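In: Compute the structure for the input listed below.
(chains A and B)
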Amino acid sequence: AQTVTQSQPEMSVQEAETVTLSCTYDTSESDYYLFWYKQPPSRQMILVIRQEAYKQQNATENRFSVNFQKAAKSFSLKISDSQLGDAAMYFCAYEEGAQKLVFGQGTRLTINP
Amino acid sequence: EAGVVQSPRYKIIEKKQPVAFWCNPISGHNTLYWYRQNLGQGPELLIRYENEEAVDDSQLPKDRFSAERLKGVDSTLKIQPAELGDSAVYLCASSHGTVPAKNIQYFGAGTRLSVL
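Out: Numbers count the residues shown, from 1 in each chain, chains lettered A, B, ... in the order given. Reported below is the predicted structural model:
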């Protein structure tokens, strides 16, 4: 079974600084998708960014970018110019063709003003 | 465009009572998912529908949980009877089902269930 591991239960960063959240996963598949979702206190999971495994180029969405290392099965999220509104739980997720998302345990990100 | 709508937002019940959660997916989304999120953990899939058909219910505890999506639009998840361990957030998500947007799941705000 696929597993997703987020080794940082909590992270904090100063406003306007850069922070990196780590994620590793385990799979025997070669074609899959990876996601980062954000879950604020409102509980709604919001898609931050996604990466297709067959694409070598790292995905970028404004201040959010990923470092995708397929051989190492690593998928970290970098948030640049951190803002107070970035404070939330961040979940890394893996999906293969079955459309089933497997989530990690989450990382609670705190932004210090 | 309206997002995934879930109700109620909160539900408190006593153990052994029944409870039901409702979800209305984004218009045009054929695939609907129910997840359970225990405190401090990531969501776990309970069931996935393609239109009216439950195509993956392997993680649904069928002795007490049931779900339906009769007309391929909105869906109801039921627990009867509820147990203390069922306390969690129940999330609904939907996706379009058309490549390449097929595998982007959009989530509702969830229902927080407390079983006393």
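
In: C-alpha from now on. contacts and neighbour counts both.
Out: Fine.

In: Looking at chain A, name the residue that lies furthest from the middle.
Out: Note on chain A: the largest C-alpha distance from the chain mean falls to residue A:113, namely 22.8 Å (CA atoms, centre = their mean).

In: Just list whatever residues bridge to the nearest residue to residue A:100 once chain neighbours are set aside.
Out: Counting by CA to CA, 6 or more residues apart in numbering or on different chains, residue B:45 is the residue found nearest to residue A:100 once chain neighbours are left out, at 7.2 Å. Taking DSSP bridges as the rule, residue B:45 bridges to residue B:35.

In: what's near enough to touch residue B:45?
Out: A:100, A:101, A:102, B:33, B:34, B:35, B:36, B:59 (CA atoms under 8 Å, 6 or more residues apart in numbering or on different chains).

In: and whatever residue of chain B ends up closest to chain A, what is it in contact with?
Out: Using CA to the nearest CA, the closest approach of chain B to chain A is made by residue B:109 at 4.1 Å. Neighbouring residues of residue B:109 by CA under 8 Å, 6+ apart: A:42, A:43, A:44, A:45, B:4, B:5, B:6, B:9, B:91, B:92.

In: Swap in 7 Å and give it another go.
Out: A:42, A:43, A:44, B:6, B:91 (CA atoms under 7 Å, 6 or more residues apart in numbering or on different chains).

In: The last one and residue A:32, how far apart?
Out: Here residue B:91 is placed at a distance of 23 Å from residue A:32 (CA to CA, to the nearest Å).

In: Show me which residues of chain A are close to chain B?
Out: Proximity of chain A to chain B, by CA under 7 Å from any CA of the partner chain, involves residues A:42, A:43, A:44, A:45, A:91, A:99, A:102, A:103, A:104, A:105, A:106.

In: May I ask which two of the residues you listed are separated the most?
Out: By the measure CA to CA, these have their two most distant members at A:42 and A:99, which lie 24.8 Å apart.
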